[in-house]
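> here you go, sequence then predicted model.
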Amino acid sequence: MSIAISTDRSVREAYEADSSGLHLVPEAVARPESISDVVELVKKAAADRIPITCAGAQTSTTGASITDKGMLLSLRSLNQIGELDTKTKTVTVGPGALVGEVKRTVAAAGLLFAPDPTSEEESTIGGAVACNASGARTFKYGATRRHVRALKVVMANGELMEFRRTDLEKNTVGYAFAHDPIDWFIGSEGTLGIVVEAELSLLPLPERVVGLATMFATENDALSFVVASREAGSVVPRCLEYFDDRALEIARHHASAATIPEEARAMVYVEEEVQVDLDATLANWLELIESIAPDFEPLVFDGEARLRDARKIRHSIPSTMNERGGRYRAAGGRKVGTDWAVPYRNLSAAIRSARSLAEDRGLEAPVIYGHAGNGHPHQNFIARDAGELTTIEEVVEQTLKQVISLGGTVAAEHGIGKIKRRWLPLQMNPLQISMMTAVKRELDPSGILAPGNIL
Ligand SMILES: Cc1cc2nc3c(=O)[nH]c(=O)nc-3n(C[C@H](O)[C@H](O)[C@H](O)COP(=O)(O)OP(=O)(O)OC[C@H]3O[C@@H](n4cnc5c(N)ncnc54)[C@H](O)[C@@H]3O)c2cc1C
């Protein structure tokens with residue numbers, strides 16, 4: 001075997017954490033540098049029945065990219081950004097390439113890779129494919145799945161296979177789930193195969209985009225504005241991001257490029273691609289804003305540098321909360337982030353109910369922010385010790401039951417991983433779970449890929 005597998009403790013400990021707050025030290029670490037290295041490693045592991053968990057940049061919030069069973073396979077070195085075809089608008093990349101780098105490379109050729117997880121500067125394409133990552137602009141462009149044309153996958157037995165999305169507009173052959181096998185791997189959290197190359201679909205880069213941050217005196221006004229923005233017809237948002245009172249406190253500290261008024265209790269950040277002229281676009285937004293929040297002047301983010309400032313403000317919320325959660329690790333605490341979503345018209349009811357469930361148990365109010373346009377906020381709690389962690393998890397479980405009764409999902413963006421596995425049966429009935437188990441058994445009969453993720 002040409003590729004070294006390290007069992008050195010310090011190397012293994014370098015891969016023991018992702019952004020979930022959990023720590024699991026792998027039994028070994030391998031860092032392949034080519035597709036053939038991965039094939040060789042997996043064939044050997046399959047023969048010896050050694051479990052393999054893939055890791056990209058380990059920004060997973062669910063414990064999906066850490067393990068204490070078998071080998072941690074870091075794909076970071078497979079980071080090539082290959083052929084960019086401006087005619088077909090596709091680019092071929094390795095799984096270890098950072099999403100932000102891919103976006104910058106294709107932008108230089110006037111193209112857009114649309115998925116925009118807030119963590120795009122520190123997370124990989126392999127992770128984005130495996131988690132079907134999404135972001136603020138998913139509101140307009142959809143999640144990663146829609147932007148993947150082909151994948152090279154090393155299967156659990158070490159066989160290298162290629163899956164290419166069909167261009168069919170009609171197809172009645174067999175069961176729908178078998179039409180595009182590429183979809184089995186997108187969102188499978190490393191449990192069905194190892195992505196070693198991805199061909200991504202690109203869009204034309206919009207010529208001009210404007211962002212507006214609109215302040216509100218109440219949460220209710222802000223959430224009404226989200227619904228109005230979706231339904232108005234006069235505006236075409238590509239994102240609708242919500243910040244509650246506590247998220248605004250964090251944003252104020254990071255908003256050197258913008259002044260968020262002290263009286264504001266909630267904020268909604270929107271972006272729109274300017275189609276005709278900026279004045280007309282702004283006028284439509286101002287009319288809508290004035291109908292709900294006449295007291296506040298919106299902040300305008302025009303041009304690439306200003307849009308980057310807005311992104312930094314948005315990113316400051318999860319990164320601050322991760323950092324706060326990390327302070328309580330020694331006492332058994334951590335950040336607990338929810339990832340539920342409901343149909344957008346039910347968002348206000350879902351947040352009201354989530355708030356009162358936390359209040360009833362005497363918890364500090366969570367920070368609530370995120371993708372309100374898709375009915376998908378994040379609630380971030382900080383558990384200061386193990387006891388508080390248990391209470392928070394009970395509250396989250398009660399919240400998820402409410403969310404499901406409102407037509408929602410327990411995980412809209414970050415996947416299930418290890419942390420949310422216990423909530424799978426809230427969402428899926430036994431038949432759905434046994435169908436997924438059957439697929440897993442067929443593709444990975446010895447169960448060596450990412451044990452403990454999802455199922
Ligand atoms: C501050 C912060 C903000 C975030 N914001 C968002 C957001 O806006 N939207 C969002 O969707 N997520 C977000 N996340 C979660 C996370 O960043 C995403 O899920 C990201 O796509 C994970 O990429 P990664 O390279 O870190 O993957 P990892 O964490 O290393 O792995 C994630 C999963 O992918 C699997 N995997 C990795 N590479 C491969 C491969 N080559 N083949 C097969 N399986 C593989 C792993 O086994 C694991 O199951 C955020 C996280 C943080 C810390």
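Structure received. Numbering: from 1, shown residues only.
> near the ligand, which residues of the protein?
18-19, 53-61, 64-65, 75, 95, 117-119, 123-124, 126-128, 130-131, 133-135, 189-190, 194-195, 318-319, 322, 413-414, 450, 453 (C-beta under 6 Å from any ligand atom). (Glycine included, C-beta is placed from N, CA and C.)
> and residue 367, what is it in contact with?
When contacts are counted by C-beta atoms under 8 Å, 6 or more residues apart in numbering, residue 367 touches 244, 246-247, 250, 317, 321, 379-380.
> what of residue 7?
So residue 7 contacts 27-29 (C-beta under 8 Å, 6+ apart).
> at 10 Å what do you get?
26-29, 71 (C-beta atoms under 10 Å, 6 or more residues apart in numbering).
> could you do residue 338 as well?
354, 366, 368, 370, 376-381, 392, 395-396, 399-400, 403, 410-412, 414, 420.
> over to residue 379?
244, 336-340, 351, 354-355, 358, 365-370, 392, 395-396, 399.
> now residue 416
Contacts of residue 416 by C-beta under 10 Å, 6+ apart are 62-64, 131, 187, 189, 191, 339, 410, 422-424, 427, 453-455.
> next one: residue 179
With contacts taken as C-beta under 10 Å, 6+ apart, residue 179 has the following neighbours: 165-166, 168, 171-173.
> now swap in residue 88 and tell me
149, 199, 201-202.
> tell me the secondary structure at it.
Three-state call for residue 88 (DSSP: H, G, I helix; E, B strand; the rest coil): coil.
> dihedrals phi and psi, it?
Main-chain torsions, residue 88, degrees, to the nearest 10: phi -90, psi -10.
> returning to that earlier point: between the contacts of residue 367, which is nearest residue 82?
Of all those, residue 317 has the smallest distance to residue 82: 34.2 Å, by C-beta to C-beta.
> thought the closest one was touching residue 269?
No: assessed by C-beta atoms under 10 Å, residue 317 is found out of contact with residue 269, at 11.1 Å.
> show me what residue of this structure gets nearest to the ligand.
residue 127 (2.1 Å; C-beta to the nearest ligand atom).
> what is the end-to-end distance of stretch 194-210?
38 Å (C-alpha to C-alpha, to the nearest Å).
> what's the answer for stretch 168-179, then?
10 Å.
> over to stretch 67-82?
First-to-last distance for stretch 67-82 - C-alpha to C-alpha - comes to 31 Å.
> list the buried ones in it?
67-76, 78-79, 81 (16 or more other C-beta atoms under 10 Å).
> one step back: drop anything exposed from the contacts of residue 379.
Here, 16+ other C-beta under 10 Å leaves 244, 336-340, 351, 354-355, 358, 366-370, 392, 395-396, 399 buried among these.
> from these, which land in helices?
351, 354-355, 358, 392, 395-396, 399 (DSSP state H).
> these two touch, right, residue 56 and residue 72?
No: using C-beta under 10 Å, residue 56 is not in contact with residue 72; the gap is 11.4 Å.
> overlap in contacts, those two.
residue 65.
> which residues of this structure score low on pLDDT?
The chain contains residues with pLDDT under 70 at 1-2, 255-258.
> would you map the helices across it?
Going by DSSP H, the chain shows helices at 9-13, 35-48, 99-107, 125-131, 138-141, 182-185, 219-231, 245-254, 278-292, 304-326, 347-360, 386-405, 424-427, 430-443.
> centre of the chain to the second one, how far?
Translated: helix 35-48. Centroid separation between helix 35-48 and its chain, computed with C-alpha atoms, centre = their mean, to the nearest Å, is 29 Å.
> buried set for it?
35, 37-42, 44-46.
> with distance to residue 436 added, can I get those in CSV?
Shown next, in CSV, are those (distance: C-beta to C-beta, whole Å):
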residue, distance to residue 436
35, 27
37, 30
38, 25
39, 26
40, 29
41, 26
42, 22
44, 28
45, 23
46, 21
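> so residue 43 touches residue 154, yeah?
Yes: counting by C-beta under 10 Å, residue 43 does reach residue 154; the two are 9.1 Å apart.
> show the end-to-end separation of stretch 85-94, please.
16 Å.
> tell me which residues of that stretch come out buried.
Quick answer for stretch 85-94 (16+ other C-beta under 10 Å): 89-94.
> just to revisit the earlier point, the closest residue to the residue of the chain closest to the ligand other than its chain neighbours: how many residues sit nearby?
In this structure, residue 127 finds its nearest non-sequential neighbour in residue 56, 3.5 Å apart by C-beta to C-beta, 6 or more residues apart in numbering. Counted with other C-beta atoms under 10 Å, residues neighbouring residue 56 total 30.
> how much space separates residue 56 from residue 126?
Distance, residue 56 to residue 126, using C-beta to C-beta, to the nearest Å: 5 Å.
> common neighbours of the two, please.
Residues touching both residue 56 and residue 126 (C-beta under 10 Å, 6+ apart): 65, 75-76, 78-79, 95-97, 190, 195.
> quick revisit: widest-spaced pair of the contacts of residue 367?
Across these (C-beta to C-beta), the longest gap, 14.2 Å, separates 250 and 379.
> just to revisit the earlier point, residues in contact with the residue of the chain closest to the ligand?
Contacts of residue 127 (C-beta under 10 Å, 6+ apart): 18, 54-60, 64-65, 75, 95-96, 98-99, 117, 119, 133, 144, 189-190, 195, 415.
> nearest residue to residue 121 other than its sequence neighbours?
Spatially, and ignoring its direct neighbours in sequence, residue 121 is nearest to residue 100 (4.1 Å; C-beta to C-beta, 6+ apart).
> pretty sure the one you found contacts residue 120?
Yes: using C-beta under 10 Å, residue 100 is in contact with residue 120, at 4.5 Å.
> so for these two, which sits in the more crowded spot?
Between residue 100 and residue 120, counted using other C-beta under 10 Å, the more crowded position is residue 120 (22 against 16).
> which residues are in contact with the more buried one?
Neighbours of residue 120 in contact, by C-beta under 10 Å, 6+ apart: 59, 98-103, 113, 128, 133, 135, 311, 315.
> which one of these is nearest residue 161?
Closest to residue 161, out of all of these and judged by C-beta to C-beta, is residue 128, at 20.1 Å.
> ok, the closest one - how many residues close by?
Around residue 128 there are 32 residues (other C-beta under 10 Å).
> name the residues linked to residue 201 by a beta bridge.
As for beta bridges, residue 201 partners with residue 90 under DSSP bridges.
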